[in-house]
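1. Return a 3D structure for these sequence lines:
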Amino acid sequence: MSLLVLSEHDVDEIIESFRPEDLEFMMASAFSQYSSHPEDVQMPQRTTVSTDDQTVLFMPAHLKGLKKGQLAIKIVSVPRGASSSRGLPATTVVLDESTGETKAIINARKLTPLRNAAGMLYRRRKAQAHF
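-> Model (predicted):
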């Protein structure tokens with residue numbers, strides 16, 4: 001099995017290839033599936049490991065319904081003390097659902113703020129639609 005590795009530079013290029021409304025649509029689709037079909041989503045509580053220098057968060061997720069399904073874990077390091085203006089160190093590992101082998105390793109430093117911004121837009125628009 002081949003392994004896809006996406007560096008910070010690769011992720012930047014991918015993000016820049018999308019228009020903001022495309023990114024918002026993708027996040028809206030994911031949020032919609034999560035809220036309308038919670039039985040298709042497994043997102044257990046994150047596991048936390050603390051050291052003297054950082055807190056590391058492990059966030060697994062499984063989303064059924066997309067091809068065979070998506071199985072991944074996001075790992076985020078939250079440093080104690082001075083924070084980085086570049087965002088929090090983060091990695092997403094995508095696994096093959098059938099074999100458990102690693103399919104991709106993605107530098108996710110910029111994906112968390114992007115997801116948060118898209119999520120806020122989605123929730124704001126959804127709230128406005130109810131008025």
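
2. mind checking how far Leu57 is from Met120?
-> 20 Å (C-beta to C-beta, to the nearest Å). In short, each C-beta sits where N, CA and C put it, glycine included.

3. Pick out whichever of the two has more residues nearby.
-> The neighbour comparison of Leu57 against Met120 (other C-beta atoms under 10 Å) goes to Leu57, with 16 against 11.

4. Would you mind pulling the contact partners of stretch 3-21?
-> By C-beta atoms under 8 Å, 6 or more residues apart in numbering, the residues outside stretch 3-21 that reach it are 23, 26, 102-111, 114.

5. Those: which two are farthest apart?
-> Leu23 and Thr102 (25.3 Å; C-beta to C-beta).

6. Give me the secondary structure label for Met27.
-> helix (DSSP: H, G, I helix; E, B strand; the rest coil).

7. list the contacts for the closest residue to it other than its chain neighbours?
-> Residue nearest to Met27 in three dimensions, not counting chain neighbours: Ala118, with 3.5 Å by C-beta to C-beta, 6 or more residues apart in numbering. By C-beta under 8 Å, 6+ apart, the contact list for Ala118 reads Leu23, Glu24, Met26, Met27, Ala28.

8. cool, and Met26?
-> Neighbouring residues of Met26 by C-beta under 8 Å, 6+ apart: Phe18, Ala118.

9. one more time with 10 Å
-> By C-beta atoms under 10 Å, 6 or more residues apart in numbering, the residues touching Met26 are Phe18, Arg115, Ala118.

10. I'd like the residues you listed written out as TSV, with secondary structure and pLDDT added.
-> Putting the contacts of Met26 into TSV (DSSP: H, G, I helix; E, B strand; the rest coil; pLDDT from 0 to 100) gives the following:
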residue	secondary structure	pLDDT
Phe18	coil	86
Arg115	helix	77
Ala118	helix	73
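
11. Looking at those residues, spot the one nearest Thr47.
-> Taking these together and measuring to Thr47 by C-beta to C-beta, the closest member is Arg115, at 19.5 Å.
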